[in-house]
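# below are the sequence and a predicted model; questions follow.
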Amino acid sequence: MNLAVPNIISNITVPLLGMVDLALVGHLDSAVYIGAIALGGTIFNFIYWGFSFLRMGTSGFTAQACGRRDLQEATLWLVRALGVGLAGAILVLLLQRPIGWLSFTLFGGSKEVEYWAARYFYIRIWAAPATITLYAFTGWFIGMQNARFPMIITLVVNLLNIGFNALLVLGAGMRSDGVALGTVLAQYSGLGTAIWLYMRYYRKSGRNIVILKVWDKDALKRFFLINKDILIRTLSLIFVFTFFTAKSASRGDIILAVNTLLLQFFMVFSYLIDGFAYAAEALTGKYKGGGNQPMLKKTVQYLFAWGFALSILFALSYLAGGEFLIRKLTSNREVIAVVQPYMFWTVVIPLITFPAFLWDGIYIGVTASAGMRNSMLISLVLVFLPGYYFLTPILGNQGLWLAMMLFMITRGVVQTILSKKVVFGK
């Protein structure tokens, strides 16, 4: 719990930020601004989630080095991750025009939604260097068994983001472009905080670094092999959410707005349960690196007990307060009317998704990336896509949601089956 609680506190600010952004534009004069943030945000999910292997891979390798009490090796993983992250960020900035053109061509949506989404995209893209390098810092701090610093960084980023967005939208009269600019300012504030924390408390760890070891061929090969699997897993997950948003947009601005609002319930729960998943990364990596199999098993048992309890709590909360929350996020009467038949999914989400989130953290900690990749591909290819094409002609938008939930269930089931071998080595 010492590791989970700070992560939960920091993670809750992420969906809170998303909900504040939606509330800021959801009470404007059109539903198109909700759609614009949904499309623009999905593009950045595709870009940034693609780099999330930096956080996941770095935390696993660092945690295992920490378990072996090898501070020099742990610090080397940070330097490697920062180098890869900066190179990737520069590439994203150089390719922003092709990325934007391709994204808006694929997504479709109304002309007005596309216009505001483009304004959002071409402003927020300049946060790429800060956003991507923060993955490396966050993963490294978690691997070092330090959950407080990621909490501080995340609180700084998201609380400032809320403040900047409110100032720019409500004070300066901007719209989705104000949300984008606020995000850029907040991300660089977070990067400055991360650098300060490292220099203040960990700068001695870098004194014995041998530069040639940073780019050690065997270490880099292992880094990219593990991260290749994480990248495939992440790109598959991105595909599912991008596909979900694109199909929502194809059903019109109102359904796009409805599904965007409902996804906030998913995001709130996912970020809270990720607090336990991040703790799983640190602890299972530490026990795996130290060869402590009994504590590894006990940690997994505790994680699932807490995860189940949290899922029940959230399901009951969504059942009691879901409609109230929707009305706080938007005052658009048509959106409120159309969302009602889909509120059932908000109650289902916590109950069936928590195993997949927890297993992800465990698999990352023990660097069982191939198993995580395989479970994702099975769920995507054999369940989500067939489910969508079979169910939506019959059930419409309900079929889209059902396909998503079947995808999440399958991930948890497959990971549970594979865990006996790839996590516990049986």
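That came in fine, so what should we check first?
# next structured bit after the least confident helix or strand in the chain by mean pLDDT?
The least trusted helix or strand in the chain, going by mean pLDDT, DSSP states H and E, turns out to be helix 4-26, with a mean of 57. Downstream of helix 4-26, the first helix or strand assigned by DSSP states H and E is helix 32-50.
# check which helices and strands that following helix is in contact with.
helix 4-26, helix 96-107, helix 111-124, helix 128-143, helix 176-201, helix 217-249, helix 253-289 (3 or more CB pairs under 8 Å, 6 or more residues apart in numbering; DSSP states H and E). Quick note: C-beta positions are derived from backbone N, CA and C, even for glycine.
# just put those in a markdown table and tack on mean neighbour count and distance to residue 316.
Below are the helices and strands packed on helix 32-50 laid out as a markdown table (neighbours: other CB atoms under 10 Å; distance: least, CB to CB, whole Å):
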| stretch | mean neighbour count | distance to residue 316 |
| --- | --- | --- |
| helix 4-26 | 21 | 18 |
| helix 96-107 | 15 | 35 |
| helix 111-124 | 20 | 35 |
| helix 128-143 | 26 | 30 |
| helix 176-201 | 20 | 31 |
| helix 217-249 | 18 | 26 |
| helix 253-289 | 25 | 12 |
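# just put the ones you listed in CSV and tack on distance to residue 378.
Below are the helices and strands packed on helix 32-50 laid out as CSV (distance: least, CB to CB, whole Å):
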stretch, distance to residue 378
helix 4-26, 27
helix 96-107, 25
helix 111-124, 33
helix 128-143, 26
helix 176-201, 34
helix 217-249, 10
helix 253-289, 20
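# in terms of mean pLDDT, which of those helices ranks lowest?
Per-stretch mean pLDDT for those is lowest at helix 4-26 (a mean of 57).
# which of the residues in the strand or helix carrying residue 159 are buried?
Using DSSP H and E, residue 159 falls within helix 148-166. Neighbour counts using 16 or more other CB atoms under 10 Å place 148-158, 160-162, 164-166 of helix 148-166 among the buried residues.
# just checking, what packs against it?
Using 3+ CB pairs under 8 Å, 6+ apart: helix 148-166 touches helix 4-26, helix 128-143, helix 176-201.
# next one: stretch 352-370 to chain centre, how far?
In terms of CA atoms, centre = their mean, to the nearest Å, the centre of stretch 352-370 is found 14 Å from the chain centre.
# and it, average pLDDT?
88.
# for the most centrally placed residue in the chain, what are its contacts?
Nearest to the mean C-alpha position of the chain, counting by CA atoms, centre = their mean, stands residue 49 at 6.4 Å. Contacts for residue 49 (CB atoms under 8 Å, 6 or more residues apart in numbering) come out as 234-235, 237-238.
# now render the residues you listed as a markdown table, adding distance to residue 356.
Putting the contacts of residue 49 into a markdown table (distance: CB to CB, whole Å) gives the following:
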| residue | distance to residue 356 |
| --- | --- |
| 234 | 13 |
| 235 | 16 |
| 237 | 10 |
| 238 | 15 |
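# looking at the residues you listed, which is nearest residue 399?
Set against residue 399, the nearest of the contacts of residue 49 by CB to CB is residue 237 (20.1 Å).
# which residue ranges of the stretch 301-426 of the chain form helices?
333-339, 344-365, 369-379, 385-395, 397-422 (DSSP state H, counting those that start in this stretch).
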